[in-house]
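[1] next comes the sequence, and after it the predicted model I'd like to discuss.
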Amino acid sequence: MRFGVNYTPRVGWFHHWVDFDAGEVARDFDAICELGADHVRVFPLWPIFQPNPAVVSAAALRHLDRVIELAAERGLDVAVDGLQGHLSSFDLLPSWLVTWHERNMFTDEDAVAATALYLETLARTVAAHPNAFAVTVGNEVNQFTGTVHPSPHPSTSAQVTAWLDRMLGAIRAGAPDLLALHACYDASWYDDTQPFTLDHVARQGDLSVVHSWVFNGTAQKYGADSFETRAHARYMVELARAFQTDPEREVWAQELGAPRNVLPAESVPDFIDGTVEQLAAAPDLFGITWWCSHDVGRGMSDFPEVEYDLGLIDEHGRIKPEGRRVRDAVAAARKAEAPPAADDVIDLNLAAVGGRDALGPGGGFWTTYMDRARNGGHPRIRLI
């Protein structure tokens with residue numbers, strides 16, 4: 001089981017690509033190594049790396065090269081995301097997709113072609129490094145299709161399928177030996193209006209990717225110290241496995257964290273222990289990647305308050321109690337004996353239970369699953 005962190009630069013947040021300082025990155029990676037991590041997930045900012053549809057910045061790519069080299073010097077493997085896109089409440093789209101040049105990123109042919117050009121170029125740069133192992137299309141780009149977004153890019157599920165095929169194909173053209181992935185936030189699991197579906201999560205890309213956040217109603221409904229809150233990430237892994245057509249396909253818990261807006265400080269240690277223990281016991285788990293490495297510095301303004309305290313390392317470069325707890329929980333999970341395969345099976349007919357709404361916190365299938373998991377361990381979900 002891999003363990004890593006989503007790299008949030010200590011100085012300048014992801015705007016560090018503008019004022020790039022390799023020395024600061026090196027210091028950040030030294031601290032990350034103290035957590036026992038074996039990899040980092042790195043986030044180029046799309047507007048900086050592709051300022052024009054026909055231009056991918058050579059200078060930005062050189063900075064990315066240096067980041068991957070610095071990781072290699074410290075024994076860290078690297079996964080790289082492409083389309084940022086959306087990070088920590090900020091939308092970071094290139095200027096050629098907004099206002100006077102507004103076009104739909106999923107359906108406009110010129111936009112799709114430009115995005116594919118970027119991802120193929122980015123992937124080729126990443127693939128030149130032996131410590132690189134994956135390229136993800138982007139960070140939760142499904143949020144742009146959601147009805148809650150103030151400036152949505154609407155699409156149908158069929159259009160999403162075609163878009164993902166094109167984007168994953170571009171990554172594979174640039175980096176044929178690396179994992180080509182895409183990542184969604186949990187609306188794809190729990191919201192029937194979301195055109196990125198569980199079929200997309202579980203059947204497109206080389207792994208299934210899970211982003212688990214308990215501020216989605218789970219902790220609010222059940223409480224910070226509840227079984228449901230600590231079991232949420234594992235539940236998402238089991239749902240992803242259920243919708244797969246390849247029984248050997250692995251699942252990557254690519255984002256999970258301990259958000260203080262729903263978890264008081266006294267609940268965080270047990271949340272970390274319970275979440276990691278349950279996740280690590282999941283069959284075919286590729287790895288756990290915590291969000292995030294470093295706190296957002298208080299000198300950065302206009303973030304939601306929760307974003308300033310999600311790191312395992314503080315803005316001064318010191319490992320926090322949460323960091324030590326995650327490090328120790330992962331170390332313990334790696335030493336633990338693998339549990340026997342679950343012999344309990346719970347059947348899921350998505351149409352019969354009422355669609356994806358029934359899978360979310362408080363839904364009918366959710367409730368049935370959590371009751372079984374609490375009393376007898378996590379069952380395997382079987383689609384019927």
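    Arrived safely, thanks for sending.

[2] hey, let's count contacts and neighbours off CA atoms from now on
    Noted.

[3] neighbours of the closest residue to Leu45 other than its chain neighbours, how many?
    Leaving aside its sequence neighbours, Leu45 sits nearest to Gln84 (C-alpha to C-alpha, 6 or more residues apart in numbering; 5.2 Å). Counted with other C-alpha atoms under 10 Å, residues neighbouring Gln84 total 24.

[4] Val135 too?
    As a burial measure, Val135 scores 27 neighbours (other C-alpha under 10 Å).

[5] sorry, back to before: for the residue nearest to Leu45, grab phi and psi.
    Gln84 adopts backbone torsions of phi -120, psi 80, taken as degrees, to the nearest 10.

[6] for it, what are its contacts?
    Gln84 is in contact with Phe43, Pro44, Leu45, Trp46, Asp91, Leu92, Leu93, Gly138, Asn139, counting by C-alpha atoms under 8 Å, 6 or more residues apart in numbering.

[7] out of these, which sit inside strands?
    Judged by DSSP state E, those include Asp91, Gly138, Asn139 as members of strands.

[8] between the contacts of Gln84, which sits nearest Ala72?
    Closest approach to Ala72 among the contacts of Gln84 (C-alpha to C-alpha): Phe43, at 16.7 Å.

[9] correct me, but that closest one touches Gly85?
    No. Contact criterion C-alpha atoms under 8 Å: Phe43 and Gly85 do not qualify, at 9.8 Å.

[10] do you know how far the residue nearest to Leu45 is from Gly174?
    In this structure, Gln84 and Gly174 are 19 Å apart, going by C-alpha to C-alpha, to the nearest Å.

[11] list the pairing partners of the worst-scoring helix or strand of the chain on mean pLDDT within its sheet, with orientation.
    Least confident helix or strand, the chain: strand 86-87 with a mean of 90, by mean pLDDT, DSSP states H and E. Note on strand 86-87: by DSSP bridges, its sheet partners are strand 90-91 (antiparallel).

[12] could you list the residues in contact with the helix or strand just after the strand it pairs with?
    Per DSSP states H and E, the first helix or strand lying C-terminal to strand 90-91 is helix 109-127. The set of residues external to helix 109-127 that reach it, using C-alpha under 8 Å, 6+ apart, is 50, 53-54, 56, 61, 65, 68, 80, 82, 97, 103-106, 132, 135, 137, 163, 166-167, 170-175, 177-178.

[13] so which of these belong to helices?
    Judged by DSSP state H, the contacts of helix 109-127 include Leu61, Asp65, Ile68, Trp163, Arg166, Met167, Ala170, Ile171, Arg172, Ala173, Gly174 as members of helices.

[14] tabulate those (TSV), appending pLDDT.
    TSV is the format used below for the ones in helices among the contacts of helix 109-127 (pLDDT from 0 to 100):
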residue	pLDDT
Leu61	98
Asp65	98
Ile68	98
Trp163	98
Arg166	98
Met167	98
Ala170	98
Ile171	98
Arg172	98
Ala173	98
Gly174	98
